[in-house]
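Engineer: below are the sequence and a predicted model; questions follow.
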Amino acid sequence: MLPHHSTRLEAFSDAAFAFALTLLVVSLDVPRSYDALMDLVYGFPSFACCFALLVWIWSEHASFFRTYPLEDALTITINSLLLFVVLFYVYPLKFMFDSMFAMMLPPPVTRPPVEPMAFWQLGNASAVYAFGFVVLFLVFALLYLRAYRKREELGLGDLDVFDLKSAIGHHLVSASVGALAMVWALASPLRVVFISPMLFALMGPAHVWWGRRRDTGRKALELERAGPSST
């Protein structure tokens, strides 16, 4: 495989992720009273969840370019689409977590509370969030598909290609969970539409299943490459 060197594309992408995190800052002002301080703390759980999700996405992005240092025009285009989705969905992401924690925490003191949503509003908001999730991980799958098309240029061996295909499947699994949540938000009866965001809990079991399938396939390929001498 080609050696990795940090590129201007990665530097630009890191700057975009940093800007997205900046948009999530709870408050740009130092609190001037106890009530204002409590309101700042009130927004911490939502900020922490959004921060964790963005760091996860950044980690996936960094892992791709660390493994497959591509800079061709099509890769730049796909990467730009990914950054666009990340920046556009910062506020919908924050809104969904703010709404979730508003149901669990007492109302803030000095700032207006998040307005509760009607079922139809929750359904539409959940569909918007799920759609962004689906697009995001489909774009990741496209990046890995691009690397697959460039596998000879990247000098990938059989195991490298297997790992690459597995990464495509990994992101398609994530996109499938998002698609299920989106369909539920749009097609389920309003009285059960609140289940849509909960369906993202399926990410854990789905990826455990995919990981086991991947490990089985990789071990079989390793044994095949090792030949009769390994038995």
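Structural biologist: Great, that's in hand.

Engineer: which parts of this protein are helices?
Structural biologist: 8-23, 34-42, 44-67, 73-88, 90-102, 119-149, 151-154, 158-187, 195-198, 203-226 (DSSP state H).

Engineer: list the buried residues of the fourth one.
Structural biologist: Neighbour-count burial for helix 73-88, with 16 or more other C-beta atoms under 10 Å as criterion, is recorded at 75, 78-79, 81-83, 85-86. C-beta coordinates here come from the backbone N, C-alpha and C atoms, glycine included.

Engineer: ok, now the fifth one?
Structural biologist: When burial is assessed from 16+ other C-beta under 10 Å, helix 90-102 yields the following buried residues: 90, 93-99, 101-102.

Engineer: what helices and strands are in contact with that helix?
Structural biologist: Counting contacts by 3 or more C-beta pairs under 8 Å, 6 or more residues apart in numbering; DSSP states H and E, helix 90-102 packs against helix 8-23, helix 44-67, helix 119-149.

Engineer: can you list the residues that contact it?
Structural biologist: Contact with helix 90-102 is made by 20, 23-24, 43, 45-47, 49-50, 53-54, 113-114, 116-117, 125-126, 128-129, 132, 197, as judged by C-beta atoms under 8 Å, 6 or more residues apart in numbering.

Engineer: now restrict these to buried residues only.
Structural biologist: 20, 24, 43, 46-47, 49-50, 53-54, 114, 117, 125-126, 128-129, 132, 197.

Engineer: any stretches of the protein with poor pLDDT?
Structural biologist: By pLDDT under 70, the low-scoring segments of the chain are 1-6, 26-29, 107-114, 227-231.
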